[in-house]
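Engineer: All I have is the shape, not the residue letters:
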C-alpha cells in the first residue's frame, strides 16, 4: 500500500529526474519506504568503493533515507546544483513523514 505520492518536477531538475527514470527503467522500485534513521548507514554502503570526483556529487537512487537505499543503489556522478536542489526539494516533501511511510515517486 502506498501512503503518499510525490510528483517529481522533471522540468526543474532534469538531470536528477533522468537518473531516477533511468534507474526505475532498469528495475529499481519507484517506492521509497522512509527510514531516516538508516540514512547514514545506507550512504556508507551505497558509496562504498566509489571515489569522489572533483566538481561532482554522487547521486544515489534509491535515496539513502529509504529502506531501499544502501547496497545496490544506482550511483551517478551529478553536478551539485541540480543534485542538491533536487535533494532539497525531495527532503521538503518527506521531512514530516514517519519511518515506515511508503512513498511512490512519479515523474511529472
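Structural biologist: Noted; the coordinates are in hand. The model shown is predicted, which means the values in this text are computed figures rather than measured ones.
Engineer: if I pick residue 29, what's in contact with it?
Structural biologist: By C-beta atoms under 8 Å, 6 or more residues apart in numbering, the contact list for residue 29 reads 62, 68. The way it works is simple: take the backbone N, C-alpha and C, and place the C-beta from them, glycine included.
Engineer: no wait, residue 90
Structural biologist: Residue 90 makes contact with 6, 8, 63, according to C-beta under 8 Å, 6+ apart.
Engineer: What segments of the chain are helices?
Structural biologist: Taking DSSP state H as the test, the helices found in the chain are 14-25, 39-47, 80-94.
Engineer: So for this structure, which residue is the most central one in space?
Structural biologist: The centroid of the chain falls nearest to residue 63 when counting by C-alpha atoms, centre = their mean (3.0 Å).
Engineer: Name the nearest residue to that residue, ignoring sequence neighbours.
Structural biologist: Nearest non-adjacent residue to residue 63, counting by C-beta to C-beta, 6 or more residues apart in numbering: residue 69, 5.3 Å away.
Engineer: So what sits opposite residue 31 in the bridge?
Structural biologist: Legend: beta-bridge partners of residue 31 under DSSP bridges are residue 104.
Engineer: That one contacts residue 69, correct?
Structural biologist: No: judged on C-beta atoms under 8 Å, residue 31 makes no contact with residue 69 at a distance of 11.7 Å.
Engineer: Comparing these two, which residue is more hemmed in?
Structural biologist: residue 69 (23 against 16; other C-beta atoms under 10 Å).
Engineer: got a pLDDT number for the more buried one?
Structural biologist: pLDDT recorded at residue 69 is 95.
Engineer: ok, now residue 61?
Structural biologist: Looking at residue 61, its pLDDT is 97.
Engineer: how about the nearest residue to it, chain neighbours excluded?
Structural biologist: residue 23 is the one closest to residue 61 (C-beta to C-beta, 6+ apart), at 4.6 Å.
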